[in-house]
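K.L.:
here is a sequence together with a model predicted from it:
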Amino acid sequence: MIIVSTDYDRLTSVLAEFADELENYGGAVQVLKKASSGDLEKILGSSKSSVIFFGHGKINPPSLLDQSESALWGSHAESLLEERVLYANACHSLEALAGLGVARIGFSGKLEVYDDQAYFAAQRDCILAGPRALLAGKTVREAADESKQAFRGRQRELFRGTFGESVIAIRIFKANADRLAFTGDETARGRS
């Protein structure tokens, strides 16, 4: 798998930290930090691996953003994505991935990340549940389901807590579970 991340503001720094944890999968992953579109295109040209992205996405026009806050790939690079499973932990990532690859996992709308150290471990576990499932050889449906279940599990735990924790449960964990989805071939598996 190709693990792609950016790191140019507080949110992308947090997501890049989460992405760093996937490096421990050894030879199964290739890592591209502070990703530029040119560097990603070079890797895509020499590998058929699936792609997991951590960073920002935008809705208009739908795109994932590289380190310079430009589109992560242009229309000329879309053919390099055709036979891959694509997973993006970013706002509007499902919209940005529409029509690309054999299957896509992402967020329809905003990915909520709460900037509070007390919730980072819980958020990390939920955000990484899907990518870890893909790395373990599970299908796109299974990976999306594992991430959704992780978000919903944390939501239930926090909802039993204080009023503030209940608000976080709904605002962050429920919202992410509701927005995470997949499209394409649900039986596709990530390739390393």
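P.N.:
Structure's in. What do you need? Numbering: from 1, shown residues only.
K.L.:
tell me where the chain has helices.
P.N.:
Assigned by DSSP state H, the helices in the chain fall at 10-20, 37-46, 93-97, 117-135, 140-159, 163-168, 175-179.
K.L.:
using JSON lines, lay out the ones you listed together with distance to Tyr87.
P.N.:
Where C-beta positions appear, they are placed from N, C-alpha and C, glycine not excepted. Compiled in JSON lines, those are given as follows (distance: least, CB to CB, whole Å):
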{"stretch": "helix 10-20", "distance to Tyr87": "11"}
{"stretch": "helix 37-46", "distance to Tyr87": "14"}
{"stretch": "helix 93-97", "distance to Tyr87": "8"}
{"stretch": "helix 117-135", "distance to Tyr87": "6"}
{"stretch": "helix 140-159", "distance to Tyr87": "7"}
{"stretch": "helix 163-168", "distance to Tyr87": "25"}
{"stretch": "helix 175-179", "distance to Tyr87": "14"}
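K.L.:
okay if I get the ones you listed as JSON lines plus mean neighbour count and distance to Val85?
P.N.:
JSON lines is the format used below for the helices of the chain (neighbours: other CB atoms under 10 Å; distance: least, CB to CB, whole Å):
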{"stretch": "helix 10-20", "mean neighbour count": "18", "distance to Val85": "17"}
{"stretch": "helix 37-46", "mean neighbour count": "14", "distance to Val85": "13"}
{"stretch": "helix 93-97", "mean neighbour count": "25", "distance to Val85": "10"}
{"stretch": "helix 117-135", "mean neighbour count": "20", "distance to Val85": "7"}
{"stretch": "helix 140-159", "mean neighbour count": "20", "distance to Val85": "6"}
{"stretch": "helix 163-168", "mean neighbour count": "13", "distance to Val85": "31"}
{"stretch": "helix 175-179", "mean neighbour count": "19", "distance to Val85": "19"}
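K.L.:
looking at those, which is nearest to Glu83?
P.N.:
Comparison of the helices of the chain against Glu83 by CB to CB identifies helix 37-46 as nearest, at 10.9 Å.
K.L.:
contacts made by the closest one with the rest, please.
P.N.:
Residues outside helix 37-46 that contact it (CB atoms under 8 Å, 6 or more residues apart in numbering): 2, 4, 30, 32, 51, 66, 70-74, 77, 80-81.
K.L.:
ok, stretch 165-176 next?
P.N.:
107, 110-114, 119, 122-123, 126, 151-152, 154-159, 161.
K.L.:
any idea how far the residue most central in space within the chain is from Gly161?
P.N.:
Closest residue to the average C-alpha location of the chain: Asn89 at 2.3 Å, with CA atoms, centre = their mean. Distance of Asn89 to Gly161, computed by CB to CB, to the nearest Å: 25 Å.
K.L.:
that'll do, ta.
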